[in-house]
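**Q** For reference, the sequence and a predicted model appear below.
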Amino acid sequence: MDRKLIITTGTKKNFYLILEDNTPVELKVEDIEMSKQAGNIYKGKVISYSSAMEAYFVDIGEDKEAFLPKKDVCEEECKNLKKGSVILVQVKRSPVSTKGAKLSCKLSLPGKFLVLLPQNKGKVSISSKYEDQEIRDNLKKRITNLINQLNPDNYGIIIRTSAINATDEEIIEDFQFLKRLWEEIKKDSEKLKAPALVYEEPFKAFTIVRDYAADFSEVVCDDIKILKQIKSFISENFPNSTVKLTPYRKRKQSLFFEYGIDKVINKILSPYAYMKSGSYLVIQETEALVVIDVNSGSCHKQKNLEETAFKINTEAIKEIVRQIRLRDLAGIIIIDFIDMIEKEHKEKLLEMLKEEFKKDKRPVKIKGLTQLGLVELSRKKIEESLVKQLSQSCQVCYGKGYLRSEEVLLFEIEKTLQKLKPYSKLKLVLNPKLSYEINKLLENLNLKDVVEIEYNNKMHVDKYEVEKIL
């Protein structure tokens with residue numbers, strides 16, 4: 001697979017587009033003026049405890065109070081935690097909508113090949129991407145033996161997917177780096193007064209390169225300064241990498257348009273995703289979950305309904321996973337595939353879905369099929385989906401996606417006029433698109449001489465105003 005990273009910078013935002021075989025699979029947005037909270041470590045102060053939510057509210061020095069679920073508090077600290085207590089916490093999910101950041105005192109520091117878990121003493125786990133039990137056992141044994149003598153504090157670790165190709169020296173070097181980083185964080189936290197930021201995650205370019213272990217054929221960037229920083233980061237952390245670093249110098253065409261990032265954004269903001277066969281997906285986000293519906297569209301090639309359904313569903317799998325990654329959909333996700341009867345087809349579908357999600361760096365748990373034939377899965381939520389990051393709520397429909405029909409609006413105007421009886425003169429302000437309908441309505445109500453109409457092109461077709469003028 002050929003993977004590229006495209007970086008285009010601006011005064012307020014940076015965009016990071018990941019291409020796999022020239023197909024957009026991930027788009028990351030970085031707000032330059034706002035600190036990226038996910039992964040940051042703070043010295044916080046407990047404000048209160050909610051028994052209903054089983055969570056502490058913590059002041060970390062940001063705009064919104066963060067919340068710390070009781071289950072994410074270390075046992076030794078939970079006993080004495082109360083209002084005014086100072087605690088070291090890490091943001092596991094950035095603020096979402098009206099909710100503050102979600103915290104944990106079980107800290108984790110990701111490296112190139114390992115994740116250090118300072119509070120999880122003795123814990124050694126391995127990425128779920130490794131399915132072969134023999135590979136898992138051998139890798140776990142090898143790495144545990146390597147770091148045992150270097151780990152007198154018995155810090156926990158998670159073995160990342162990239163560790164499979166790492167040498168012994170690289171594993172040791174990565175562990176020592178993470179250990180030093182944790183010691184620096186502890187020292188810094190002792191000097192600071194709560195609430196305070198103790199450790200800030202590197203900016204997105206570094207975290208993307210780190211998470212993919214520099215597995216890119218090329219990085220293209222329109223900011224030479226950032227490209228030099230990436231070069232230094234890769235040289236220091238991935239010296240064997242062969243990634244090509246390309247400065248973008250075309251003055252007549254912005255990198256944003258050259259790689260169609262504007263078109264990618266438009267597609268992300270659409271609820272529809274179309275496939276080559278003519279079938280398509282409908283993707284809807286709600287407050288509680290994400291629903292993805294597979295539709296056959298114009299694809300009816302097979303005579304056998306079962307085979308047609310299976311063919312469309314298997315084509316949909318790649319697009320579903322791509323859209324989930326591209327839109328950064330997370331939390332509970334429900335997929336409504338086209339109904340199939342054969343058990344073998346259903347099982348194969350789940351296996352294919354599981355295999356496709358191996359490309360995703362975010363933890364995904366596939367729960368299986370419900371009795372209604374829906375596929376349930378969950379994907380770790382770190383920040384708001386891209387739809388919410390790239391858009392704002394419509395000031396007319398307020399996110400509903402629907403407006404009142406002309407008939408309903410005219411009925412409401414009729415009732416509003418009747419409510420204002422008795423009257424001698426009224427003024428009605430509305431959009432000129434309704435001129436024919438409103439004149440007909442006033443004629444039927446015998447109010448043409450009573451109501452003065454004022455047309456306003458700036459008023460939305462869904463709105464109107466009525467007032468007494470005499």
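**A** Alright, I've got the coordinates.
**Q** quick one: low-confidence parts of the stretch 151-300 of the chain?
**A** 299-300 (pLDDT under 70).
**Q** quick one: the strands in it?
**A** Using DSSP state E, counting those that start in this stretch, the strands of the stretch 151-300 of the chain run over 156-159, 196-199, 218-221, 244-247, 272-274, 280-285, 289-295.
**Q** in the last one, what counts as buried?
**A** Taking 16 or more other C-beta atoms under 10 Å as the basis for neighbour counts, the residues of strand 289-295 that come out buried are V290, V291, I292, D293, V294, N295. From N, CA and C alone the C-beta is placed, and that goes for glycine too.
**Q** Stretch 268-277 now?
**A** Here stretch 268-277 shows I268, A273, M275, S277 as buried, counting by 16+ other C-beta under 10 Å.
**Q** Likewise for stretch 107-123?
**A** 107-120.
**Q** Of the buried residues of stretch 268-277, which is the nearest to L430?
**A** Ranked by distance to L430 (C-beta to C-beta), those are led by I268 at 34.4 Å.
**Q** so what's that closest one up against?
**A** With contacts defined as C-beta atoms under 8 Å, 6 or more residues apart in numbering, I268 is in contact with L27, L326, R327, L386, V387, L390.
**Q** So the fourth one is in contact with L17, correct?
**A** No: under the criterion of C-beta atoms under 8 Å, L386 is not in contact with L17, lying 11.5 Å apart.
**Q** Which one's more surrounded, those two?
**A** L17 (23 against 20; other C-beta atoms under 10 Å).
**Q** Now do the same contact list for that one.
**A** Neighbouring residues of L17 by C-beta under 8 Å, 6+ apart: L5, I6, I7, T8, P24, E26, L27, K28, Y259, I261, V264.
**Q** In strands, which of these appear?
**A** In this view, the contacts of L17 that belong to strands under DSSP state E are L5, I6, I7, T8, P24, E26, L27, K28.
**Q** will you turn these into CSV that also has distance to S189 and neighbour count?
**A** Shown next, in CSV, are the ones in strands among the contacts of L17 (distance: C-beta to C-beta, whole Å; neighbours: other C-beta atoms under 10 Å):
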residue, distance to S189, neighbour count
L5, 33, 25
I6, 37, 24
I7, 32, 23
T8, 36, 21
P24, 40, 20
E26, 33, 22
L27, 34, 22
K28, 29, 19
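**Q** Return the member of the residues you listed nearest to E465.
**A** Closest to E465, out of all of the ones in strands among the contacts of L17 and judged by C-beta to C-beta, is L27, at 41.3 Å.
**Q** so what's the closest one bridging to?
**A** L17 (DSSP bridges).
**Q** Which residue ranges of the stretch 1-150 of the chain form helices?
**A** Along the stretch 1-150 of the chain, counting by DSSP state H, counting those that start in this stretch, helices occupy 75-78, 133-147.
**Q** hmm, back to that, tell me which two of the buried residues of stretch 107-123 sit farthest apart.
**A** Greatest spatial distance in the buried residues of stretch 107-123: K112 and Q119, 21.5 Å, computed using C-beta to C-beta.
**Q** Can you name the residues that contact L107?
**A** I41, L88, Q90, L117, P118, Q119.
**Q** er, Y16 I mean
**A** Y16 neighbours (C-beta under 8 Å, 6+ apart): L5, I6, I7, E26, L27, K28, V29, E30, K204, A205, I208.
**Q** quick check, nearest of those to D168?
**A** Taking C-beta to C-beta as the measure, D168 lies nearest I208 of the contacts of Y16, at 26.5 Å.
**Q** What distance do you get for that closest one to G331?
**A** To G331, I208 is 22 Å away according to C-beta to C-beta, to the nearest Å.
**Q** Show me which of those two is the more surrounded one.
**A** Remark: of I208 and G331, I208 carries more neighbours, 21 against 17, as counted by other C-beta under 10 Å.
**Q** N266 versus that one, what's the distance?
**A** 23 Å.
**Q** related to what we said a few turns ago, need the residues touching each of L386 and L17.
**A** Common neighbours of L386 and L17 are listed as L27 (criterion: C-beta under 8 Å, 6+ apart).
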